[in-house]
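Asker: Fold the following and give me the result.
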Amino acid sequence: MKQPHKLWLRSLLIAAAVSVLTIVLNTLNVFEIFENKTYDLRMVNSAKYKLPCDEICLVCVDQESIDWAKENYNWSWPWPREAYARIIDFISAGNPKSLAFDILYTEPSVYGTEDDTALGDAEARSKKVIQTFFISENDYDEPLFPVEQIKENAAILGNITSKKDSDDIIRRARLNYEYNGTVYPALGLAPICLTEESIDYDSIPVLEDGTVLLRFTKSIDDYLPYSVKDIFESYEAWKNGEEGPLSPEDFEDLYVFTAYYAPGLFDICSTPISQVYPGVGIHMTNLDNYLTGTYIKKIPGYVNIIWLVVLALFAALIVALSETCFTRYAAVAIPAGLSGGLVLSIAVPVILFNFGYWILLIAPLSAFIISSLVNITFSLSAEGKQKRFIRSAFSQCLSKDVVNQIIDDSSSFTLGGKKFEMSAIFTDIQKFSAFSELLSAGELGCFLNFYLTKMSDIIIDEKGTIDKYEGDAIVALVGAPLKMDDHAKHACAAAVKMKKAELELNKDIVNYASNPKPSWMEDELYSAFKILVANNKTIFTRIGINSGEMIAGYFGSEKKKNYTMMGNNVNLASRLEGVNKQYHTNGILISQATRNLLDDDFVVRSLDKVRVVNINTPVQLYEVLDEKSCAKEELIAYASDWEKAMSLFTSRDYQSAKIALSELLKKNPSDGVAEYYIHLLDDYFLKGTYPQEKDNEGVAFNTEDGVFKLLQK
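Answerer: The predicted structure is shown next:
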């Protein structure tokens, strides 16, 4: 018989021990990477509610401006600095508060000294121009200042050195920089130094390292954006006393930032709201936060500790209360109570962040989870009861294999992951937005359930585990938590079966829509089928697979603790799914790593190498066509002929390659990949030209090493 006072004492001691352990781990920065990720998620959420300061605007040197200047002024890139002098004269005539340039002029103009002088003279006339210089965070001895004419005539200089966290993401900014005894403001606060006597440091929540936490809007485009093209057009009209698209008065009392905004020109930063964020946005956000008083405020350390201890105690008390007062319903009360605590431990940091306060999420959440699990483990006295509890509590959110593993080894249910050699699968329905536009929410939900159930069953039958669903997309893994030597074969077999099931699904949809509704079918699903058929919509699934070392384990998210995977090899599988679109495949792309594990069990054809976004190493692509045991002889022969054609292509015998590919296309007119390569040969390679920017196929070619670089965003 349970003794209540011992249960309470045990629970309190566990909560205390867990609190101490979690505080120590947090002090050692064990949770830093996860805390940063949740910080970023909170920032993305709060950005929806952050209004931009209406005193700030952005003047963009965009591609449209570059093209216009080439056509009307015959200016090649880079522009003469006289161009920026015109921008200064026009905007300054409207009496802005400041005009900051996030553009470095560290080298003399290629157009001559007079060109630098023209820009310096415009600065002298304005008296409101802020120029930038750069000091490396790793080497304060060698700053990059503007050339003398520009430096001396600027009203003030601002530093553009970024303050990156350990994961290279910019979440904070410095207020100033000291160099050779002179204190220079950061570019974002330089306008304040120009318009006010001094920066009011007392109003800023400065951290111990002298930085401030930035609060971003959802996009840099939230600030008043102007194109330099419109300024150039307006400049000509203004000089002639005429009316143009813009007036200098449009910039009256504004803090103006001017920066490059054309592809390939602007400084790219990683921020919580975007991995591809223009650097000028950092400085604009810094000024915005100062003017509006919206810097993120970090909760004091002792408050974080109190919050952590409270959650650990809350978990312990829930278990103790359920065991002592609701013993009969403990199997229900404990999950219900802990679910409420889990929501609380996530909701409080998210809500506080929306009000501008950062309280730790991961360390307190970990304390809550660990305290919950340890108390639960001690509370379940019998092995059978423990198994029933775990199965009841977690079977709805974890795959069957994972639940069975937890039952066999309950100690495995801890935060963190293990390294596995496995395969990651990413799937997505092509042009699914077109489905969403046609169907109601109920119809779309029923249709997705119908599709995802069939596809998920195939993955599970091939010993895979569903990681998560993202709308119409499936993320799955094969080879964990149960180690599997032939994970790549199972992953590819699942992909092939999914594509075959897709054909049957499309036939079934037409068949169901053409006949009376079966008694078992929901009305909304039947309605969805009829709408899709009426609009000639069919399912086409793109699948990407990559194999290699990945991390798999339990990780906390905003909703629950999930068994999931992570690592660069996971990211590559995701990228490959999207690359299907570029190559017009039948839907299954795999990497070299996966191909190496397939032996001769599949009919596979090679494509070429690509360098996908955020992955520097070129990846050899392969398309899986069928399982060897199921393939027709014609397909096997076709794949063999394909390899010969690709050999000609990679050896740069482009004329022969086109002939070979054209013969293949005659045999299989629906082969989009062959048609794609013929297009590349006709438009580029046979002409001896190679695009340097993104073309409408989304690729650029590096002729030195034969690597194709995919310019996806």
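Asker: tell me which element Ile306 is part of?
Answerer: Assessed by DSSP states H and E, Ile306 sits inside helix 301-325.
Asker: Who are the contact partners of the residue nearest to Phe266 when sequence neighbours are not counted?
Answerer: Closest residue to Phe266 apart from its sequence neighbours, by CB to CB, 6 or more residues apart in numbering: Tyr260 at 4.4 Å. For glycine as for every other residue, the C-beta is placed from the backbone atoms N, C-alpha and C. Going by CB atoms under 8 Å, 6 or more residues apart in numbering, Tyr260 touches Cys60, Val61, Asp102, Ile103, Phe266, Asp267.
Asker: show me what contacts the closest residue to Val624 other than its chain neighbours?
Answerer: The spatially closest residue to Val624, leaving aside those adjacent along the chain, is Ile588, at 4.3 Å (CB to CB, 6+ apart). By CB under 8 Å, 6+ apart, the residues touching Ile588 are Cys492, Ala495, Val496, Lys499, Ile543, Ile545, Asn580, Glu623, Val624, Leu625.
Asker: Does the residue most central in space within the chain belong to a helix, a strand or coil?
Answerer: Nearest to the mean C-alpha position of the chain, by CA atoms, centre = their mean, lies Gln275 at 6.1 Å. Under DSSP: H, G, I helix; E, B strand; the rest coil, the three-state class of Gln275 is strand.
Asker: quick one: Lys419 is in a helix?
Answerer: No - if the criterion is three-state DSSP, then Lys419 is strand and not within a helix.
Asker: What number of neighbouring residues does it come out with?
Answerer: As a burial measure, the neighbour count of Lys419 was computed by other CB atoms under 10 Å and equals 12.
Asker: Please report the distance of it from Cys53.
Answerer: In this structure, Lys419 and Cys53 are 47 Å apart, going by CB to CB, to the nearest Å.
Asker: residue contacts, Thr113?
Answerer: Residues counted as contacts of Thr113 (CB under 8 Å, 6+ apart) are Gln149.
Asker: Do you know the pLDDT at it?
Answerer: With respect to pLDDT, Thr113 scores 92.
Asker: again, but for Phe432
Answerer: Taken from the predicted model, the pLDDT recorded for Phe432 is 92.
Asker: Look up the closest residue to it, ignoring the ones flanking it.
Answerer: In space, not counting the residues next to it along the chain, Phe432 is nearest to Asp472; the distance is 4.6 Å by CB to CB, 6+ apart.
Asker: tell me, how many neighbours does that neighbour end up with?
Answerer: Asp472 has 21 neighbouring residues, counting by other CB under 10 Å.
Asker: what sits against it?
Answerer: Contacts for Asp472 were tallied using CB under 8 Å, 6+ apart; they are Asp428, Ile429, Phe432, Phe435, Leu448, Tyr451, Leu452.
Asker: The last one belongs to a strand, doesn't it?
Answerer: Okay, so that is Leu452. No - under three-state DSSP, Leu452 sits outside any strand and is assigned helix.
Asker: Distance of Asp641 relative to Pro278?
Answerer: Spatial separation of Asp641 from Pro278 under the definition CB to CB is 48 Å.
Asker: which residues of the stretch 251-400 of the chain score low on pLDDT?
Answerer: 322-331, 333, 380-400 (pLDDT under 70).
Asker: Where do the helices of it begin and end?
Answerer: Listed in chain order, the helices of the stretch 251-400 of the chain (DSSP state H, counting those that start in this stretch) span 280-292, 301-325, 330-354, 362-379, 383-394, 400-408.
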